[in-house]
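Trainee: I'd like to go over a predicted model; first the sequence, then the structure.
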Amino acid sequence: MMRFDILSIFPEMFESFFGCSLLKKARDRGLIRIEAHNIRDGATDRHRMTDDYPYGGGAGMVMKVEPIARVLEAIDAVPGECLRVLLTPQGETFSQAIAGELAQSSRVVLICGHYEGVDERVRQNLVDREISIGDYVLTGGEAAAMVVVDAVARLIPGVLGNEESARHESFAKGLLESPQYTRPEEFRGWKVPDVLLSGHHREIEDWRRRESLKRTLERRPDLLATAALTEKDRTFLEDLKKEP
Ligand SMILES: C[S@@+](CC[C@H](N)C(=O)[O-])C[C@H]1O[C@@H](n2cnc3c(N)ncnc32)[C@H](O)[C@@H]1O
């Protein structure tokens, strides 16, 4: 069982996303637990403020440190017993490799910011890791938390149902996955490659490997530098590069 706790000022945003599909099934089967907590519950002032004006002036509001600290305490998110992650465009860029690292923890706590971001003391004192989901700025961390939980949860044994698919998919072996087809064999004259209908498992595997290499060379040549490649793969890639 892996547990995710999400701190947000809009915890209701997560109900629909985590209430459908494979993640719902995984929750129902007790493989993962996802709890969304309202940061407002940690606010102690009369108006239950979670944000305030920035010291030194400037545009927008900044999320306060106290409510976040209090919610972390209320849910026993103590250092060493969970991994506390701040979602921020300034963090390390999320990847399949980082999803794999997070999946090693039994409990991940995700903190979602809003407005101009969170008081720097959250980053300095209350988190273990900072993650960005890409080089763009969102209005809040909720969509980023959904991305992270989704990518990590599907690595938990049993969540996918078919563990084989995780072994073959894009990035799993440092390459993009080969093209996929399903029925019918032909639609509007668009045909499925013959080899996939041949029933020759060895040939199908070889075709998939070649397509995977070809696709990675075309779309993400940067991945080839670190992918585990055989001599046969390298020869195939060299020949591809020579093609006009
Ligand atoms: C408008 S952003 C704040 C950006 C901040 N002023 C800055 O320049 O770094 C509000 C919140 O959305 C979330 N957020 C925005 N973009 C994100 C990204 N690319 N990855 C993860 N979280 C993001 C963070 O939680 C952030 O605190």
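Mentor: Here it is on my side, so go on. Numbering: from 1, shown residues only.
Trainee: buried ones in the longest helix anywhere in the chain?
Mentor: For the chain, the helix with the greatest residue count under DSSP state H is helix 201-219. Neighbour-count burial for helix 201-219 flags 204, 207-217 (criterion: 16 or more other C-beta atoms under 10 Å). All C-beta spots, glycine's among them, are computed from the backbone N, C-alpha and C.
Trainee: neighbours around the residue of the chain found nearest the ligand, how many?
Mentor: Of all residues in the chain, residue 113 sits closest to the ligand, at 2.1 Å by C-beta to the nearest ligand atom. By other C-beta atoms under 10 Å, 28 other residues sit near residue 113.
Trainee: For the chain, which residues are neighbours of the ligand?
Mentor: By C-beta under 6 Å from any ligand atom, the residues of the chain that approach the ligand are 87-90, 112-114, 116-118, 132-134, 136-141, 144.
Trainee: on that earlier part again, over the longest helix of the chain, what's the mean pLDDT, rounded is fine.
Mentor: For helix 201-219, mean pLDDT rounds to 98.
Trainee: Make a ChimeraX selection of the buried ones in the residues of the chain next to the ligand.
Mentor: Applying 16+ other C-beta under 10 Å to the residues of the chain next to the ligand, the buried members can be selected in ChimeraX as follows:
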select :87,88,89,112,113,114,117,118,132,133,138,140,141,144
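Trainee: coming back round to it: which helices and strands does the longest helix of the chain pack with?
Mentor: helix 194-197, helix 231-242 (3 or more C-beta pairs under 8 Å, 6 or more residues apart in numbering; DSSP states H and E).
Trainee: pLDDT of the first one, averaged?
Mentor: To tie it back to what came earlier, the one meant is helix 194-197. Taken as a whole, helix 194-197 carries a mean pLDDT of 98.
Trainee: Buried residues of it, list them for me.
Mentor: Quick answer for helix 194-197 (16+ other C-beta under 10 Å): residue 196.
Trainee: out of everything not next to it in sequence, what's closest to residue 155?
Mentor: Counting by C-beta to C-beta, 6 or more residues apart in numbering, residue 103 is the residue found nearest to residue 155 once chain neighbours are left out, at 4.1 Å.
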